[in-house]
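1. need a structure here:
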Amino acid sequence: MKFSEGERVRHPNKPDWGIGQVLDDSDDEEVRVFFVGIGEKTLKSHYANLVKVSGSEADHPILDNLRASGEGKKLAYRSLPLLIENFIKTFPDGFYGEPYKRNERDYKLEAHQLLVSSLGREDFHSLLATQEYAETVKRALAVVNKTNIIFPNEKMLLKDVVKTDNAKRLFSERLYSLLYGDSSVEQRFTGFADCLLEIDAAKWTIFTYFPFIAFPQEHMFLKPIVTQEAAAVCGFELNYRKELNWLTYSKLLEFSKYLFNALSELKPRDMIDIQSFLWCTAKIDDGGYDVS
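-> Residues are numbered from 1 along each chain as shown. Okay, here's the model as predicted:
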């Protein structure tokens, strides 16, 4: 049987491999398939007897956003059970153990609580109404300095570029719109991205930090190298670009929501837990994450 690139299939004798996607047009001899449960396989068409699937049975977020393998190279893929196993080796009690809380969660929650108490909607609105932009920037920088997930040089960059009155005003107004505006997420994203570009602080870490800390139930932090490595390990095409853009961020949200649902056995509470899982995922091939 011949298969066409993009077709979804399953192996009748390997249910643990899950749904697969044909990677290129096959001949009568071999077919190359990416399975969500094991990664890329080249199979003898005659012996595999793959079954084509369609409709809801063929749906899967990874296959819908499958990262292309290089010419003659397989993806550096790890199945979700393997990633969970790796995470549990690092944090034996998962998201609810003391080592995890101490190393990954508590300090981010402290930053969240600081933002809520100092730049909550009402307080933030009052600061803008009285044009206290310097105070707004001061509080925003305090929230940034509450964690270590933004690079020190990028923290310094943000501090340096919001020193003028115009930069303080623009940053304050666009940050409020990003967090509490009524327009679509994409429009608010674009407005804040344009602001960071204008003040020469257009960094993914600076942009994604504030919505992540303010609303960890729905937003995700993007640290370029780590996030790209984690997405690659999961086989997910992030469409990463250095320039701030909506496509990359929307794909990050899609990827994060997929993991949140797929990790139900670990009972993640929010995207703080997912961000920590991504960090461990990116470290799977370099000795893991040291929590000593």
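2. may I have the secondary structure class of Y209?
-> Under DSSP: H, G, I helix; E, B strand; the rest coil, Y209 falls in the helix class.
3. from now on call the first residue 469
-> Fine by me, first position is 469 from now on; the one you just mentioned is Y677.
4. so what's the residue count around it?
-> Neighbours of Y677 under the rule other CB atoms under 10 Å: 26. Any C-beta I mention is one placed from the backbone N, CA and C, and that applies to glycine too.
5. wait, doesn't it sit right on K614?
-> No. Taking CB atoms under 8 Å as the contact criterion, Y677 and K614 are not neighbours in contact, 10.3 Å apart.
6. mind giving me the packing neighbours of the least confident helix or strand in the chain by mean pLDDT?
-> Least confident element among the helices and strands of the chain, by mean pLDDT, DSSP states H and E: helix 513-516 (a mean of 83). When contacts are defined as 3 or more CB pairs under 8 Å, 6 or more residues apart in numbering; DSSP states H and E, helix 513-516 packs onto strand 498-503.
7. list the neighbouring strands of the strand it packs on plus their orientation.
-> Strand 498-503 pairs in its sheet with strand 488-490 (antiparallel), strand 507-512 (antiparallel), by DSSP bridges.
8. okay, the longest one in PDB with CA atoms only?
-> I take that to be strand 507-512. The C-alpha atoms that make up strand 507-512 are tabulated as PDB, following Å, rounded to 0.1, in the frame of the first residue of the first chain:
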ATOM      1  CA  GLY A 507       8.900   9.200  17.200                       C
ATOM      2  CA  GLU A 508      10.100   8.500  13.600                       C
ATOM      3  CA  LYS A 509      10.000   5.000  12.200                       C
ATOM      4  CA  THR A 510      10.800   3.700   8.700                       C
ATOM      5  CA  LEU A 511       8.600   0.600   8.200                       C
ATOM      6  CA  LYS A 512       8.200  -2.100   5.500                       C
END
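9. what residues does that strand touch?
-> Residues outside strand 507-512 that contact it (CB atoms under 8 Å, 6 or more residues apart in numbering): 479, 485, 488, 491, 497-503, 518, 537, 542-543, 545-547, 703.
10. make a PyMOL selection of whichever of the residues you listed turn out to be buried.
-> For the buried members of those, the matching PyMOL selection, counting by 16 or more other CB atoms under 10 Å, is:
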select buried, resi 479+485+488+491+499+500+501+502+503+518+537+543+545+546+547+703
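11. please enumerate the strands of the stretch 569-718 of the chain.
-> Here the stretch 569-718 of the chain has no strands by DSSP state E, counting those that start in this stretch.
12. hey, where'd the helices end up in it?
-> Assignment of helices within the stretch 569-718 of the chain using DSSP state H, counting those that start in this stretch yields the ranges 574-587, 589-597, 601-612, 620-629, 633-648, 653-666, 672-682, 692-701, 714-730.
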